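A.B. asks: pasting the structure only:
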């Protein structure tokens, strides 16, 4: 997984409807980038049938797919 | 019994009032006297409701005289983080945007404490929209650490921790989405409980991240936290994410001994790059637990950096979604740092966000497997004691960009996993700043953490020490 750069962030912010300047997009890229890198080993590796509600299952039953 | 009611613990003052050894008015006046003394120095309160508090205290005394107790907190003066809706009251959420917002409902957590008889002293300062780890607030000014007012309290439950530490209230509600109960508890030398996601209803509490938000108390002791958790926990028709089912007797848990307890010490991450005082206090705390009968074992935890990163991505997206309308309509009304944090959420694609949510169950399962042999894991709340307000003032101090990620490093994995963690005062730096450790537990097993914390506090006095006003 690649971390988004300022150009991608500016485009995403425009689509979301909260436009940001190129300077702000650059600042966001630097700020959130490390989180993308930290999550990179997981991204794109998850089994097909996982879904968010598995969390509640594990919480209450201690089980997981 | 302490001569000054405000210095008493929550459980002690509640008992003293119930037994008519101290009146609610005396307890309330004692807190108000200390608030008057400390508030100019700490900036811990958002609003002080002196007349209303005294009137409520008199009503509580009157009712008790007739034999009518409302519950376990009858007549006990308390104040809470200014994000818990209380019908008819202004709830600022630490923000300019909600400076004049009057709540039309009462949060479930707060209502349950009110139903038990608490007297409202006012409301407590906090980071703007609970989105900041230091205690700075661009609109209302920073909250100051009672142990040294040049230092931060930590956030976002800044006023809650400062007020409990200075004995302006015997306990206070906070909230923990990314460490906001545990970090202020650590920096200010009080006990703080981050509850399991789903343990306490969030209805009527200002949202920041629906997947990570938790309601939790800060107080002098684990026993005090147990009392409040017992009153607040459980199902709520206003919040379907609040889990139903039988609740343990948390107060009874705090009376149980330490023996037959196994505590895990992480072999990495939480023991890396520690300030020397924090490392010393961790060693001393582990030694105390061992001396009191706990079995100490090393634990190999899954990669905590991945958990922390996932936590940051979830928080960024969910906070930005809650705030989108105001980010469009009123961006100028946010403090610059909070707006910057909110904008970070714009950079996360939907699929990445959903991957973090899909992985959460597997990550919790892996954590449970790694800690299957222990009752709790002990770790520092933060690698450092409280930095100064100046050096952590993001935007003004060049060191701040390095300080902030360091402060929050040990807090976020717990939020992603949704598990409970109890922060307990465990020592002091050589310069007199408090140091706390977190006991990290299993989902919905706050009782074990409270048992270990209370047993530790029976043989230590860090939680009883009070900062001097000198």
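C.D. replies: Structure's in. What do you need? All values derive from a computational prediction rather than experimental measurement.
A.B. asks: what about residue B:62, helix or strand, and which?
C.D. replies: When elements are defined using DSSP states H and E, residue B:62 is found to belong to helix B:50-65.
A.B. asks: So which residues make contact with that helix?
C.D. replies: Where contact means Cβ atoms under 8 Å, 6 or more residues apart in numbering or on different chains, the residues beyond helix B:50-65 that reach it are B:17-18, B:20, B:23-25, B:27-29, B:32, B:69-70, B:74-75, B:77, B:117, B:119-122. Quick note: C-beta positions are derived from backbone N, CA and C, even for glycine.
A.B. asks: same question, stretch B:17-36
C.D. replies: Surrounding stretch B:17-36, the residues in contact under the criterion Cβ under 8 Å, 6+ apart are B:1, B:4-6, B:8, B:13, B:16, B:45, B:48, B:50, B:53-54, B:56-58, B:60-61, B:64, B:69, B:74-77, B:119, B:121-122, B:163, B:166-170.
A.B. asks: Would you indicate which residues of the helix holding residue B:62 are buried?
C.D. replies: Within helix B:50-65, the residues that count as buried by 16 or more other Cβ atoms under 10 Å in any protein chain shown are B:53, B:54, B:56, B:57, B:58, B:60, B:61, B:63, B:64.
A.B. asks: Would you mind giving the residues you listed as CSV with pLDDT added?
C.D. replies: Rendered in CSV, the data for the buried residues of helix B:50-65 read as follows (pLDDT from 0 to 100):
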residue, pLDDT
B:53, 98
B:54, 98
B:56, 98
B:57, 98
B:58, 98
B:60, 98
B:61, 98
B:63, 98
B:64, 98
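A.B. asks: re earlier: right, and the helix or strand after the helix holding residue B:62?
C.D. replies: Going down the chain from helix B:50-65, the next helix or strand is strand B:77-81, by DSSP H and E.
A.B. asks: Where do the strands of the stretch 201-350 of chain B begin and end?
C.D. replies: For the stretch 201-350 of chain B, strands defined by DSSP state E, counting those that start in this stretch occupy the ranges B:215-219, B:262-266, B:295-299.
A.B. asks: So which bits of the stretch 301-450 of chain B are right by chain A?
C.D. replies: Applying the criterion Cβ under 8 Å from any Cβ of the partner chain, the portion of the stretch 301-450 of chain B that neighbours chain A consists of B:303, B:305-306, B:308-310, B:312-313, B:316, B:320, B:324, B:327-328, B:340, B:343-344, B:346-349, B:352, B:354-362, B:364-365, B:368, B:405, B:418, B:443-444.
A.B. asks: same question, the stretch 51-200 of chain B
C.D. replies: Of all the residues in the stretch 51-200 of chain B, those in contact range of chain A (Cβ under 8 Å from any Cβ) are B:196, B:197, B:198.
A.B. asks: I'd like to know which of these are buried.
C.D. replies: Under a neighbour-count criterion of 16+ other Cβ under 10 Å, the subset of these counted as buried comprises B:196, B:197, B:198.
A.B. asks: Quick one: residues contacting the last one.
C.D. replies: Residue B:198 makes contacts with A:56, A:59, B:241, B:242, B:243, B:418, B:444, as judged by Cβ under 8 Å, 6+ apart.
A.B. asks: secondary structure class for it?
C.D. replies: coil (DSSP: H, G, I helix; E, B strand; the rest coil).
A.B. asks: ok, for the residue of chain A found nearest chain B, nearest residue in space, not its chain neighbours?
C.D. replies: Proximity of chain A to chain B (Cβ to the nearest Cβ) peaks at residue A:38, 2.7 Å away. Leaving aside its chain neighbours, residue A:38 sits nearest to residue B:309 (2.7 Å; criterion: Cβ to Cβ, 6 or more residues apart in numbering or on different chains).
A.B. asks: okay but residue B:149 is in contact with residue B:40, surely?
C.D. replies: No: at 10.5 Å, residue B:149 and residue B:40 do not qualify as touching, with contact defined as Cβ atoms under 8 Å.
A.B. asks: How many neighbouring residues does residue B:101 have?
C.D. replies: Number of residues near residue B:101 (other Cβ atoms under 10 Å in any protein chain shown) recorded here: 15.
A.B. asks: What sits closest to it if chain neighbours are left out?
C.D. replies: With sequence-adjacent residues excluded and distances taken as Cβ to Cβ, 6+ apart, residue B:101 is closest to residue B:91, at 5.7 Å.
A.B. asks: and residue 11, backbone torsions?
C.D. replies: Here I'm looking at chain A. Dihedral angles phi and psi of residue A:11 (degrees, to the nearest 10) take the values phi -70, psi -40.
A.B. asks: The chain in question should be chain B.
C.D. replies: Main-chain dihedrals, residue B:11, degrees, to the nearest 10: phi -60, psi -40.
A.B. asks: how near is it to residue B:121?
C.D. replies: Distance, residue B:11 to residue B:121, using Cβ to Cβ, to the nearest Å: 18 Å.
A.B. asks: More neighbours: the two, which one.
C.D. replies: Higher neighbour count among residue B:11 and residue B:121: residue B:121, with 28 against 23, using other Cβ under 10 Å.
A.B. asks: which residues sit against stretch B:319-332?
C.D. replies: Defining contact as Cβ under 8 Å, 6+ apart, one finds that stretch B:319-332 is touched by A:16-18, B:97, B:129, B:131, B:207-209, B:333-334, B:339, B:341-346.
A.B. asks: how distant is stretch B:224-239 from the center of its chain?
C.D. replies: Distance of stretch B:224-239 from its chain centroid, counting by Cα atoms, centre = their mean, to the nearest Å, is 14 Å.
A.B. asks: same check, this time on stretch A:50-65
C.D. replies: 21 Å.
A.B. asks: Pull out the buried residues from it.
C.D. replies: Taking 16+ other Cβ under 10 Å as the neighbour-count basis, stretch A:50-65 is seen to contain the buried residues A:50, A:54, A:55, A:56, A:57, A:58, A:59, A:64.
A.B. asks: same check, this time on stretch B:418-432
C.D. replies: Going by neighbour count (16+ other Cβ under 10 Å), the buried part of stretch B:418-432 is B:418, B:419, B:420, B:421, B:422, B:423, B:424, B:425, B:426, B:427, B:428, B:429.
A.B. asks: pLDDT on that stretch, on average?
C.D. replies: Here the mean pLDDT over stretch B:418-432 is 98, rounded to a whole number.
A.B. asks: From one end of that stretch to the other, what's the distance?
C.D. replies: Using Cα to Cα, to the nearest Å, the end-to-end distance of stretch B:418-432 comes to 32 Å.
A.B. asks: try stretch B:368-387
C.D. replies: End-to-end for stretch B:368-387, by Cα to Cα: 33 Å.
A.B. asks: what separates it from the chain centre, distance-wise?
C.D. replies: When distances are taken as Cα atoms, centre = their mean, stretch B:368-387 is centred 16 Å away from the chain's centroid.
A.B. asks: mean confidence score for that stretch?
C.D. replies: Per-residue pLDDT values over stretch B:368-387 give a mean of 97.
A.B. asks: Next, the contact list for the single nearest residue of the stretch 351-470 of chain B relative to chain A, please.
C.D. replies: Here the residue of the stretch 351-470 of chain B nearest chain A is residue B:361; by Cβ to the nearest Cβ that distance is 3.1 Å. Shown here is residue B:361, whose contacts under the criterion Cβ under 8 Å, 6+ apart are A:50, A:52, A:53, A:54, A:55, A:56, A:57, A:58, A:64, A:65.
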